[in-house]
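> Sequence and computational prediction follow.
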Amino acid sequence: WAGRLRRLRIRRKVLLVYLLVGFLPFALFTLLSYSNTRHLILESENGILQSSLDQAVLAMDATLEMYNTMSNYMFNEPSVLAALNRSYGEDYYAMYESYSNVITPVFSTHYALYPHLERITIYTSCDILPYNTYVRGEALLKDEPWFSGLTVDYSPQWLPLMADGAPKLVSIRKIGVPSRYRYRNYLYLEIDYARVFEPLVNLVSDGADVLIADDKGRLLFTHSASGSAPGYDAAALLAQGTDKNHDVTRATLRATGWTIYYVSDANVLFRAVQNATGAMYIVTWAMLLALALAAILFISSLLRPIEDLTRNVREIDQGNMRITVSTLRTDEIGLLVRSFRDMMARIRQLVEITYKNELEKKEYEQRLLRAQINPHFLYNSLSLINSKAIMADQREISEMAMLISKFYRSALNQGRDVTTVRNELENIRS
């Protein structure tokens, strides 16, 4: 790796440094920030939902506790209990007095004080004749289908029921201590279902359901915002308390002991969080891309003069002394390029001076060589040789002496640097 790194070009090295030191940490920071932000928003949403559910449950608790208080008052109401624990036989006037002087005033008062109270009925084993919905026989209560599997004691029990196709919220309990009263009496309260569950129903949003289970985990109530069947097994959710595809928020209704489950689709909440953080995510990545683009442009601007300088140095190394690099920068790189140009200009100047000096030196040496040769002495010697050859009848030697004399005359050219083509041809022939 160290060898490969050393062989990398400077542009790639700088880009690698930027990637390791700048881009990757910022990208990692962005992803972690997005993940943490999404986690915080999810926690905040769950906290808000839990708080809203608690507020709704508090409102329901307050309403139900108010009716529990009324039920406790009726449990200890001596005049009503006395009226329902005597034998009337056929004494209709006594019945009339009990209704007009005791039962009707008490019930009317409760209807006036509790606006959500829809019905008060006491089911009794006493022989008093039924009147309105105030008093009815015990047998009618036992005929109700919901009563058969119910264990009724002296504490109020709340039940969500369906009666005549409409939902009902009722409270049922025994009243009158057996040691004091000989007849069995059951207090039945029917409350405005919509008003009691209104805080809970208003809390339900799209993709969410509300389930209510009793202390034994039996489903008592369900409400869905969409009105469609839930995408989960309600029984399994109540048994386990969780579902892998849904967020479950719970609260306990103290007045009844019920557990309220607010079940929301995890994907709906995730999409809501994604919409909330999507703009931030897009802006962050746009900034990251802009930073990367700015870094590439900056690196290109920083390294282009160095790369041009390197290219020019290679051309010079191959023998091309032409200077191609230039810059308008005034920083250290600009100083380096200008210094290189000045250095190369001086080198070229020195090369030209050296080349000129070499030419002059060669020319001087040639002139010196020519000056060392005495043409007159040479010509006289050749003439003497020619004469001796003629006298000795040596024609070949005479002819050779004449040719040598002719060669040197054209070669020396009387000390001039320029000669004619004719003289050069004659010199070659010689």
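Done, it's in.
> mind listing the strands for the stretch 151-300 of the chain?
Here the stretch 151-300 of the chain has its strands, by DSSP state E, counting those that start in this stretch, at 157-163, 166-175, 185-191, 208-213, 219-224, 246-253, 258-265.
> And the fifth one, what does it pack against?
Using 3 or more C-beta pairs under 8 Å, 6 or more residues apart in numbering; DSSP states H and E as the contact definition, the elements that strand 219-224 packs against are strand 157-163, helix 193-203, strand 208-213, helix 234-240. To be clear about C-beta, it is placed using only N, CA and C from the backbone, and glycine gets the same treatment.
> switch the cut-off to 10 Å
Other helices and strands packing on strand 219-224, by 3 or more C-beta pairs under 10 Å, 6 or more residues apart in numbering; DSSP states H and E, are strand 157-163, strand 166-175, helix 193-203, strand 208-213, helix 234-240, strand 258-265.
> partner strands of the first one, parallel or antiparallel?
Looking back up the chat, that one is strand 157-163. With DSSP bridges as the test, strand 157-163 is paired with strand 166-175 (antiparallel).
> what's the offset of the strand it pairs with from the middle of its chain?
Centroid separation for strand 166-175 versus its chain: 52 Å, with C-alpha atoms, centre = their mean, to the nearest Å.
> Ok, stretch 122-129 next?
Using C-alpha atoms, centre = their mean, the offset of stretch 122-129 from its chain centre is 69 Å.
> Check which residues of that stretch are buried.
Within stretch 122-129, the residues scored as buried using 16 or more other C-beta atoms under 10 Å are 122, 123, 124, 126, 128.
> next one: stretch 220-240
In stretch 220-240, counting by 16+ other C-beta under 10 Å, buried: 221, 223, 230, 232, 234, 237, 238.
> how about the CA coordinates for it, as PDB?
Output in PDB follows, covering the C-alpha atoms of stretch 220-240 (Å, rounded to 0.1, in the frame of the first residue of the first chain):
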ATOM      1  CA  LEU A 220     -63.800  -5.500  25.600                       C
ATOM      2  CA  PHE A 221     -63.700  -2.700  23.100                       C
ATOM      3  CA  THR A 222     -62.000  -1.900  19.800                       C
ATOM      4  CA  HIS A 223     -62.100   1.200  17.600                       C
ATOM      5  CA  SER A 224     -60.400   1.800  14.300                       C
ATOM      6  CA  ALA A 225     -59.900   5.100  12.500                       C
ATOM      7  CA  SER A 226     -60.200   3.400   9.100                       C
ATOM      8  CA  GLY A 227     -63.100   1.200  10.100                       C
ATOM      9  CA  SER A 228     -61.400  -1.800   8.500                       C
ATOM     10  CA  ALA A 229     -60.100  -5.000  10.000                       C
ATOM     11  CA  PRO A 230     -56.800  -4.600  11.800                       C
ATOM     12  CA  GLY A 231     -53.600  -6.000  10.200                       C
ATOM     13  CA  TYR A 232     -52.600  -7.900  13.300                       C
ATOM     14  CA  ASP A 233     -53.900 -10.600  15.600                       C
ATOM     15  CA  ALA A 234     -55.600  -8.700  18.500                       C
ATOM     16  CA  ALA A 235     -55.600 -11.800  20.800                       C
ATOM     17  CA  ALA A 236     -51.800 -12.300  20.300                       C
ATOM     18  CA  LEU A 237     -51.200  -8.600  20.800                       C
ATOM     19  CA  LEU A 238     -53.100  -8.600  24.100                       C
ATOM     20  CA  ALA A 239     -51.300 -11.800  25.200                       C
ATOM     21  CA  GLN A 240     -47.800 -10.500  24.300                       C
END
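> thinking again about what came up before, residue 87 is nearest to which of the strands of the stretch 151-300 of the chain?
Using C-beta to C-beta as the measure, strand 185-191 is the one of the strands of the stretch 151-300 of the chain that comes nearest residue 87, at 14.2 Å.
> pLDDT-wise, what's the bottom of the buried residues of stretch 220-240?
Confidence by pLDDT is poorest for residue 230 among the buried residues of stretch 220-240, given 70.
> Roughly how far does it sit from residue 260?
15 Å (C-beta to C-beta, to the nearest Å).
> For the protein, just list every one of the helices.
Under the criterion DSSP state H, the chain carries helices at the ranges 2-7, 10-18, 24-75, 78-83, 92-98, 104-113, 138-142, 193-203, 234-240, 266-317, 332-372, 375-391, 395-412, 421-429.
> okay, those helices in a markdown table with distance to residue 215 next?
As requested, those are arranged in a markdown table below (distance: least, C-beta to C-beta, whole Å):
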| stretch | distance to residue 215 |
| --- | --- |
| helix 2-7 | 70 |
| helix 10-18 | 64 |
| helix 24-75 | 15 |
| helix 78-83 | 29 |
| helix 92-98 | 38 |
| helix 104-113 | 28 |
| helix 138-142 | 23 |
| helix 193-203 | 18 |
| helix 234-240 | 12 |
| helix 266-317 | 28 |
| helix 332-372 | 81 |
| helix 375-391 | 142 |
| helix 395-412 | 134 |
| helix 421-429 | 131 |
